[in-house]
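Asks: Here is the input, now give the coordinates:
(one chain, ligands or ions: 2)
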Amino acid sequence: MLIVLQSDATPEAIANIEGRIRELGFTPHSIEGAGRTAIGITGNKGPVDPGHFRLLPGVADCIPVTAPYKLVSREVKRDDTVIDVGGVQIGGKPIVVMAGPCSVENENQILTAARGVAEAGASMLRGGAFKPRTSPYEFQGLRFEGLELLAKARAETGLKVITEAKDTATLARVAETSDIVQIGARNMQNFSLLEAVGDLRKPVMLKRGNAATIKELLMAAEYIVSRGNKQVMLCERGIRTIETMTRNTLDLNAIPMLKMRSHLPVIVDPSHGIGIRNAVGPMARAAIAAGADGLIIEVHPDPDRALSDGMQSLTLPGFAQVMKELSAIAAAMGRSIHSLVK
Ligand code: PEP
Ligand code: MN
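Replies: Ligands and ions are numbered 1, 2, ... in the order given. Next comes the predicted model:
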């Protein structure tokens, strides 16, 4: 249930309503919006009787929430959530591009990639330090050294950093270094990890599992938001289908569906979505045309020698070309590509 507050509700009235919610054994969540302020209720097993609240001072309305993913749903919050990542806003009009290699491999590689993507107009640097790989014999990442190199690249270029937290044991160190904590597709339903990032107060990008439904993605996001971390963005990165010519099938359907059902920003990863270098640009353009708020794209200074995902990584000149095309699509959608250069 959602309790919509009167515009002149006093702090005492709000505290009283929250107290009543707790007395009933439920949890209150404050929901800030441009048009209205509200309190969401979770923890109830069945429907909540609006009679508990309707007559309390400060209450304008009690609205039942039908979606099982409550706090991330548009029913509870009509306005888009905009997440501030050290001054870069995600979820507003400007589209944010995160770019960089699949894995951090060495200092020269990550610094060259960072300089190149910054020059081409990216706002954030991606790069895995802890890599979840299908085979235990493949490159597993530079781990803590990778985090240090990302921090170095940020200091030099001013790019914000996004990197994956693979488990709860290393989460704190990843969260310390990274501006956004990435939860990978393989961990979308790792509930202890979701709970742990839910206890952070730090932006999180949650990737859709490769066999997860849109609803399951929203329910996974609910795990994080229900623990108080409201800074969650959702990432469509391709799902497994009958198609074998491409690595995955980028589910463009998910973009309007997520935007309709949820107020959280939607990021698209065309690199893992299609898995083929020359097809990444067209799918990135399609994602913006379909309403994505951001893109995460793999770019490598020497993709043919990459230690992971070289096949789908753009070269630096290739990325610069894609960025030019993306600006045109963004403008056609009444948006722009966010730029760090003012
Ligand atoms: C990645 O971003 O390099 C990655 C491992 O992605 P995913 O979790 O979507 O497979
Ligand atoms: Mn990758």
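
Asks: So which bits of the stretch 1-150 of the chain are right by ligand 1?
Replies: Remark: the part of the stretch 1-150 of the chain in contact with ligand 1 comprises 102, 128, 132, using C-beta under 6 Å from any ligand atom. (Each C-beta comes from the backbone N, C-alpha and C, glycine too.)

Asks: what about burial for those, which qualify?
Replies: When burial is judged by neighbour count using 16 or more other C-beta atoms under 10 Å, the buried members of these are 102, 128.

Asks: ok, so of the residues of the stretch 1-150 of the chain next to ligand 1, who is nearest Gly146?
Replies: Relative to Gly146, the closest of these is Gly128; by C-beta to C-beta it sits at 7.3 Å.

Asks: Can you tell me the closest non-neighbouring residue to that closest one?
Replies: Once flanking residues are discounted, Gly128 sits nearest to Ser103: 4.7 Å by C-beta to C-beta, 6 or more residues apart in numbering.

Asks: Gly141 is in contact with that neighbour, correct?
Replies: Yes. Taking contacts as C-beta atoms under 8 Å, Ser103 lies within contact range of Gly141: 5.6 Å.

Asks: Find residues that contact each of those two.
Replies: Contact with both Ser103 and Gly141 is made by residues 128-129, 131, according to C-beta atoms under 8 Å, 6 or more residues apart in numbering.

Asks: Going by distance to ligand 2, which of these wins?
Replies: Minimum distance to ligand 2 across these is 6.6 Å, recorded for Gly128 (C-beta to the ion).

Asks: need the contact list for the closest one.
Replies: Gly128 makes contact with 101-104, 141, 146, 163-164, 308, according to C-beta under 8 Å, 6+ apart.

Asks: which two from these end up farthest apart in space?
Replies: Taking C-beta to C-beta as the measure, the contacts of Gly128 span a maximum distance of 13.5 Å, between Thr163 and Ser308.

Asks: Between the two, tell me which one has more neighbours.
Replies: Per other C-beta atoms under 10 Å, whichever of Thr163 and Ser308 has more neighbours is Thr163, with 26 against 20.

Asks: Does that one belong to a helix, a strand or coil?
Replies: Counting by DSSP: H, G, I helix; E, B strand; the rest coil, the backbone at Thr163 sits in strand.

Asks: quick one: it from Val174, how far?
Replies: Distance from Thr163 to Val174, counting by C-beta to C-beta, to the nearest Å: 6 Å.
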